[in-house]
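Undergrad: I'd like to go over a predicted model; first the sequence, then the structure.
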Amino acid sequence: MRGRRARGTKPEVDLRRAVHQLGLRFRLQRKVASRCTADFVLPRYNVSVFVDECFRHGCPVHGPKTFRGPNSSLWEAKIETNKERDRRNTAAAEDSG
Ligand SMILES: [Zn+2]
C-alpha cells in the first residue's frame, strides 16, 4: 500500500464544486513542499487543501473508535501512520507559506 490517498474522491469533488461556485479558482494536485502534494490549492489566498476521509484519517468525530478482528492492530497502525502523515503535510504546507 502506497502512502498516497486516492485522488478525485466524491467528497473532494463535492468540495471543489462548492469552492468553484463561490467564484474561487484553484489548481489541482499541487506540490506545496517536498513530498507533500495538496489535493488542491487556492493560489490567490495561499491556501492548500487536503481532503482527508474520516475513516482512513482517524477523524475524532466520524472515525472508528476501536477495531476488532484479526487485522485490528494493522488498522490501528495504518490509521496512526496516516494521521502522522497528515500532520507532516500540514506542517510542510505551513512552513512553505
Ligand atoms: Zn469526520
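TA: Cool, the structure landed.

Undergrad: T81 and R87: what is the separation?
TA: The gap separating T81 from R87 is 11 Å, by CB to CB, to the nearest Å. From N, CA and C alone the C-beta is placed, and that goes for glycine too.

Undergrad: before we move on, what about A93?
TA: Counting by CB to CB - A93 and R87 are separated by 11 Å.

Undergrad: so these two - more neighbours on which side?
TA: Using other CB atoms under 10 Å as the criterion, A93 and R87 rank with A93 on top: 21 against 10.

Undergrad: now the helix or strand harbouring that one: mean pLDDT?
TA: Element membership for A93 (DSSP states H and E) is helix 72-95. In this model, helix 72-95 has an average pLDDT of 94.

Undergrad: excluding covalently adjacent residues, which one is nearest to R56?
TA: Leaving out its chain neighbours, the residue that sits closest to R56 by CB to CB, 6 or more residues apart in numbering is N82, at 5.8 Å.

Undergrad: what does the chain put close to the ion?
TA: C54, C59, V61, H62 (CB under 5 Å from the ion).

Undergrad: this structure: strands as residue ranges?
TA: 27-33, 36-42, 47-49 (DSSP state E).
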